[in-house]
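A.B. asks: Below is the sequence, then the predicted model.
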Amino acid sequence: MGHVKRFFTCVTIDPTDSYAYCGTRTGDFVEVLIDKATYKRSGPVNRVFVGGIQQLLSSPMKDIIVCAGDGTLAKISKKTLQLQEETRLQGAVKSMVTNDQDRLIVTSSKSILYSVDL
């Protein structure tokens, strides 16, 4: 990354094992090409998440799910790195998992369990 310093908080790998997405404390993420270990780009475009990125998930539906420290849950397009949708949860997201192709289970720091349609 040259002279730019980044502190990574989380990592997810896309289903094809081609790219790694690394969330940062500053509220953006970095896309890395795995086989060459090279920086590709950072995102999301024209947006930084408050509280840093706490969790990332690379969904099989060509999206990146981002959870921020302020409770923001967002869907970012892998192709354009543009914000597609976002919502605000109560408390910071502590964990998330998909149970199938279209549902996300999320827990927050306020001990609330969310079930979200992707």
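C.D. replies: Received the coordinates, thanks.

A.B. asks: By mean pLDDT, which helix or strand of this structure comes out lowest?
C.D. replies: strand 93-98 (a mean of 85; mean pLDDT, DSSP states H and E).

A.B. asks: Would you mind pulling up the elements that the helix or strand just after it packs against?
C.D. replies: Helices and strands here follow DSSP states H and E; after strand 93-98, the next one along the chain is strand 103-108. Using 3 or more C-beta pairs under 8 Å, 6 or more residues apart in numbering; DSSP states H and E as the contact criterion, the secondary-structure elements in contact with strand 103-108 are strand 93-98, strand 113-117. C-beta coordinates here come from the backbone N, C-alpha and C atoms, glycine included.

A.B. asks: Determine which stretch of those is the most buried.
C.D. replies: strand 93-98 (a mean of 16; mean count of other C-beta atoms under 10 Å).

A.B. asks: Direction included, what does it pair up with?
C.D. replies: Next to strand 93-98 in the sheet, as set by DSSP bridges, lie strand 103-108 (antiparallel).

A.B. asks: I'd like the mean pLDDT over the strand it pairs with, please.
C.D. replies: The predicted model assigns strand 103-108 a mean pLDDT of 88.

A.B. asks: Run the angle between that strand and strand 113-117 for me.
C.D. replies: Relative orientation of strand 103-108 versus strand 113-117 (axes from the mean of the first three to the mean of the last three C-alpha atoms, to 10 degrees): 150 degrees.

A.B. asks: what residues does strand 103-108 touch?
C.D. replies: Strand 103-108 is touched from outside by 57, 65, 67, 71, 73, 89-99, 113-118, with contacts defined as C-beta atoms under 8 Å, 6 or more residues apart in numbering.

A.B. asks: what ranges do the strands span in this structure?
C.D. replies: Under the criterion DSSP state E, the chain contains strands at 8-13, 19-24, 29-33, 38-43, 53-59, 63-68, 72-77, 83-88, 93-98, 103-108, 113-117.
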